[in-house]
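**Student:** A predicted structure for the sequence below; I have some questions about it.
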Amino acid sequence: MLKKHQRSLLNRIPHAITMLFFIIVLITILTYILPAGTYERVLVDDKMVVVPDSYRIIDATPVGLLEMFKSIPMGFKSAAEVIFIVLAGAIMFGFMESSRAIENTVGVLVKNLGSKNKELVIIIMTLIYGFLGVAVGYENNIAMVPIAAVLSLALGGDLILAAGISVGAMTIGFGLSPINPYTVGTGHKLAELPIFSGAVLRSVLCFSALSFMAYYNVRYFKKISLDPSKSLGKGLDMTNLSLSKPIREYQLNLQNWLVIVVFVLGLVSIIYGVFNFGWYLNELSAVFLMIALVCGMISKMNATHISETVLKSVSIAAPGAFMVGFATSIKVLMETGNIGDTISYQLSNLLQGLPLYASAICMSISQSVINFFIPSGSGQALATLPVMLPLGESLGLTRQITILAFQVGDGLSNLINPTLGGLIAMLSMCRVPIN
């Protein structure tokens with residue numbers, strides 16, 4: 001009875017479009033209920049930072065019906081870079097898939113290691129993806145997600161397991177990274193602490209969370225292996241992701257090796273560019289497209305085949321790309337209604353007078369709530385920490401604990417944040433809807 005109830009509950013979860021539209025309507029209503037307010041901001045090292053104790057109420061700016069729907073195209077405009085990297089990543093994967101390089105690589109890996117050590121492969125891959133989140137970043141790893149989808153299906157798992165191995169691990173790794181420049185780095189700079197101090201504690205926390213993620217992935221894999229009907233991924237599109245022949249027949253040819261080398265060199269150039277030249281989404285998209293073109297040439301595709309591969313790849317990625325823009329409209333609404341600072345201010349007031357440990361825990365919870373409205377890690381740090389740091393000190397918390405509370409609240413809530421464009425983008429790459 002309990003299992004039937006759980007399945008029934010899952011079937012009643014609204015579609016992602018429905019959930020996001022409900023949030024859009026809710027935010028619109030809140031612009032009529034909550035007072036519009038703002039903090040003063042000053043420019044520090046080319047970044048706008050909130051001035052503590054500067055919150056003030058301003059004239060109300062409620063959002064009308066036209067403005068509510070206008071926020072949707074404005075959200076697409078604001079999220080153009082994230083939307084295109086979803087399309088560019090899909091195009092690159094489309095060319096690599098067409099060359100059979102990914103399928104053959106996964107087939108050879110499973111043949112040599114996975115047939116008798118499937119659970120070990122899941123643990124290792126979860127930790128590898130987690131390390132990518134720790135060391136490389138978040139959206140920077142979007143191209144790695146489809147590989148987990150092919151690997152999961154080859155091992156006998158499903159696309160939900162693929163999301164756990166890749167998106168789940170990278171979200172945890174990035175969110176709890178001891179060297180996250182966007183959250184920890186920004187926080188330490190605002191708190192005037194040594195950059196990335198407290199790395200040992202954060203490393204233990206991050207590794208523990210990734211280990212639990214790996215355990216959960218293995219647990220889920222065992223469950224669906226024993227009873228495939230318990231899979232949460234039934235009905236998801238697995239076109240071109242499943243292996244097309246028996247494991248024993250897989251091998252890598254010269255063309256496959258060349259495609260893999262081009263892909264690896266592209267990733268190395270991205271990592272180098274991110275850390276040395278400040279590359280971000282547009283540069284990554286450009287590299288993805290270059291990899292796709294070179295893979296097409298290696299595979300000896302003609303112009304027509306290349307064009308058809310591009311359009312086919314875009315058609316598969318289009319729903320996920322749409323979701324990114326749709327979710328970003330929430331951010332536009334918050335800015336139009338001027339209620340983001342009000343929510344931050346009211347949540348900080350709720351922490352006043354709490355016991356020491358309770359205040360630290362509630363600070364993390366409040367950051368999780370704020371994260372749904374300010375999904376950018378660095379943006380949230382700049383908007384909330386100048387308020388939270390003095391508040392934490394008045395409550396008896398050290399600055400290090402306040403930043404850790406911010407990091408945990410921001411990082412873990414990213415696992416279920418429907419307004420986080422990067423999460424939706426990566427889920428779309430392994431064809432798992434947010435709901």
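**Tutor:** Structure received.

**Student:** how many residues are close by Gly396?
**Tutor:** 11 (other Cβ atoms under 10 Å). Placement of C-beta: from N, CA and C, glycine included.

**Student:** how near is it to Gln352?
**Tutor:** 12 Å (Cβ to Cβ, to the nearest Å).

**Student:** again, but for Met297
**Tutor:** 63 Å.

**Student:** same thing with Asp410?
**Tutor:** Per Cβ to Cβ, Asp410 is found 21 Å from Gln352.

**Student:** of those two, who's got more company?
**Tutor:** Higher neighbour count among Asp410 and Gln352: Asp410, with 28 against 10, using other Cβ under 10 Å.

**Student:** contacting residues around that one?
**Tutor:** Shown in contact with Asp410 (Cβ atoms under 8 Å, 6 or more residues apart in numbering): Gly175, Thr183, Gln367, Ser368, Asn371, Gly377, Gln380, Ala381.

**Student:** what pLDDT does it get?
**Tutor:** Reported pLDDT at Asp410 in the predicted model: 88.

**Student:** next helix or strand past whatever helix or strand it lives in?
**Tutor:** Here Asp410, judged by DSSP states H and E, is contained in helix 399-413. Tracing the chain past helix 399-413, the next element assigned as helix or strand by DSSP H and E is helix 421-429.

**Student:** what mean pLDDT does that next one get?
**Tutor:** For helix 421-429, mean pLDDT rounds to 84.

**Student:** now do that helix: everything it contacts.
**Tutor:** Here helix 421-429 has contacts from 16, 79, 82, 85-86, 89-90, 93, 138-139, 141-142, 145-146, 149, 163, 166-167, 170-171, 317, 319-321, 323-324, 327-328, 375, 414-415, 417-418, 433-434, using Cβ under 8 Å, 6+ apart.

**Student:** hmm, try it at 7 Å
**Tutor:** 79, 82, 85-86, 89-90, 138-139, 142, 145-146, 163, 167, 171, 317, 319-320, 323-324, 327-328, 414, 417, 434 (Cβ atoms under 7 Å, 6 or more residues apart in numbering).

**Student:** please apply the same query to stretch 258-266.
**Tutor:** Taking Cβ under 7 Å, 6+ apart as the rule, stretch 258-266 contacts Met96, Ser99, Ala101, Thr105, Val287, Ile291, Val294, Cys295, Ile298.

**Student:** how about the nearest residue to the second one, chain neighbours excluded?
**Tutor:** Excluding the flanking residues, the one nearest Ser99 by Cβ to Cβ, 6 or more residues apart in numbering is Ser299, at 4.3 Å.

**Student:** I figured that neighbour hits Ala101, correct?
**Tutor:** No - with contact defined as Cβ atoms under 7 Å, Ser299 does not count as touching Ala101 (8.6 Å).

**Student:** neighbour count: the two, which is higher?
**Tutor:** Taking neighbours as other Cβ under 10 Å, Ser299 and Ala101 compare with Ala101 leading, 25 against 20.

**Student:** show me what contacts the more buried one?
**Tutor:** So Ala101 contacts Asn256, Val259, Ile260 (Cβ under 7 Å, 6+ apart).

**Student:** next: Asn217.
**Tutor:** So Asn217 contacts Ile122, Thr126, Leu161, Gly164, Ile165 (Cβ under 7 Å, 6+ apart).

**Student:** same question, Val50
**Tutor:** Applying Cβ under 7 Å, 6+ apart, the residues contacting Val50 are Tyr39, Arg41, Leu382, Ala383, Pro386, Val387.

**Student:** in the helix or strand hosting Ser203, which residues are buried?
**Tutor:** For Ser203, the host element (DSSP H and E) is helix 199-226. For helix 199-226, the neighbour count (16 or more other Cβ atoms under 10 Å) marks 202, 205-207, 209-210, 213-214, 217-218, 220-221, 224 as buried.

**Student:** same check on stretch 259-279?
**Tutor:** Judged by neighbour count using 16+ other Cβ under 10 Å, the buried positions of stretch 259-279 are Val259, Ile260, Val262, Phe263, Gly266, Leu267, Ser269, Ile270, Ile271, Gly273, Val274, Trp279.
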